[in-house]
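> Generate coordinates for the sequence data below:
(2 chains)
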Amino acid sequence: GAVVSQHPSWVICKSGTSVKIECRSLDFQATTMFWYRQFPKQSLMLMATSNEGSKATYEQGVEKDKFLINHASLTLSTLTVTSAHPEDSSFYICSARDAGRGGTGELFFGEGSRLTVL
Amino acid sequence: QKEVEQNSGPLSVPEGAIASLNCTYSDRGSQSFFWYRQYSGKSPELIMSIYSNGDKEDGRFTAQLNKASQYVSLLIRDSQPSDSATYLCAVTQGTPLGRLYFGRGTQLTVWP
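Residues are numbered from 1 along each chain as shown, chains lettered A, B, ... in the order given. Purely as a prediction, here's the structure:
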């Protein structure tokens, strides 16, 4: 299957700092990527849809000024958590759809990035 | 976000038994349905996808979809301890294609 890579896997930061998470599609081009957040023992919550070359589309209740998304190329999307606070500590997971596989909606997930804000 | 409901469990079955996982969804416009398996601390991995009413079998796994009842299920035959994980039901809603909405997951434990 297609490979999606995230970096970093783990990050610990101080409250008030910003953290950038990268999501790369390694063997396919992804015009659209998706960012999810998962709190302990909760399900994955879709945060936003990242669109190559245009603005991201955010889900209701997600602060676009706090979670900055950039999708500058067909293989890279970044999520920046700005002015992070302890309540932002979570497991952030990106996913991408291989357009070459047609319109089935099958997504490939990155390994996830665990953010801890002290 | 529309709702995707799953029994949170935990569901516990003995090795070799059939594990049955259920999911209901609220949006009748949902078109694609997926079952993911997630081990603790890891990202989800796709187990099954199903797009039309009826059954779809892949090895020990069978997905069942009933759009009229807005219900999708996953059966795991000959359950193994390695199947112990959280199983997430996911549906696509709206556009763009690929926006997935997940249930809370059902925690499955298969004991030897």
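
> Identify the residues contacting the nearest residue to A:Phe34 once chain neighbours are set aside.
Excluding its sequence neighbours, the residue lying closest to A:Phe34 (CB to CB, 6 or more residues apart in numbering or on different chains) is A:Ser95, at 4.8 Å. Just so you know, the C-beta spots here come from the backbone N, C-alpha and C atoms, and that holds for glycine as well. If you count contacts by CB atoms under 8 Å, 6 or more residues apart in numbering or on different chains, A:Ser95 has them with A:Val4, A:Met33, A:Phe34, A:Tyr36, A:Leu107, A:Phe108, A:Phe109, A:Gly110, B:Gly98, B:Leu100.

> ok, now with 7 Å
Counting by CB atoms under 7 Å, 6 or more residues apart in numbering or on different chains, A:Ser95 touches A:Val4, A:Met33, A:Phe34, A:Tyr36, A:Leu107, A:Phe108, A:Phe109, A:Gly110.

> could you dump these to CSV with pLDDT and distance to B:Asp78?
CSV is the format used below for those (pLDDT from 0 to 100; distance: CB to CB, whole Å):
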residue, pLDDT, distance to B:Asp78
A:Val4, 92, 31
A:Met33, 92, 36
A:Phe34, 93, 34
A:Tyr36, 95, 31
A:Leu107, 79, 28
A:Phe108, 85, 27
A:Phe109, 91, 26
A:Gly110, 94, 31
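
> ok, those residues vs chain B, which is closest?
The nearest member of those to chain B, counting by CB to the nearest CB, is A:Phe109 at 4.4 Å.

> what number of residues lie near the closest one?
By the criterion of other CB atoms under 10 Å in any protein chain shown, A:Phe109 has 23 neighbours.

> By mean pLDDT, point me to the weakest helix or strand of chain B.
Across the helices and strands of chain B, mean confidence by mean pLDDT, DSSP states H and E is lowest for strand B:100-102: a mean of 89.

> I meant to write chain A there.
Sorted by mean pLDDT, DSSP H and E, the helices and strands of chain A end with strand A:107-109, the least confident at a mean of 85.

> Quick one: the strands in the chain, in order.
Let's take chain A. A:4-7, A:10-13, A:19-25, A:32-38, A:45-51, A:57-58, A:67-73, A:76-81, A:90-97, A:107-109, A:113-117 (DSSP state E).

> actually it's chain B I care about, not the one you picked
Taking DSSP E as the test, the strands found in chain B are B:4-6, B:11-14, B:19-25, B:33-38, B:45-50, B:54-58, B:61-66, B:71-76, B:85-92, B:100-102, B:106-111.
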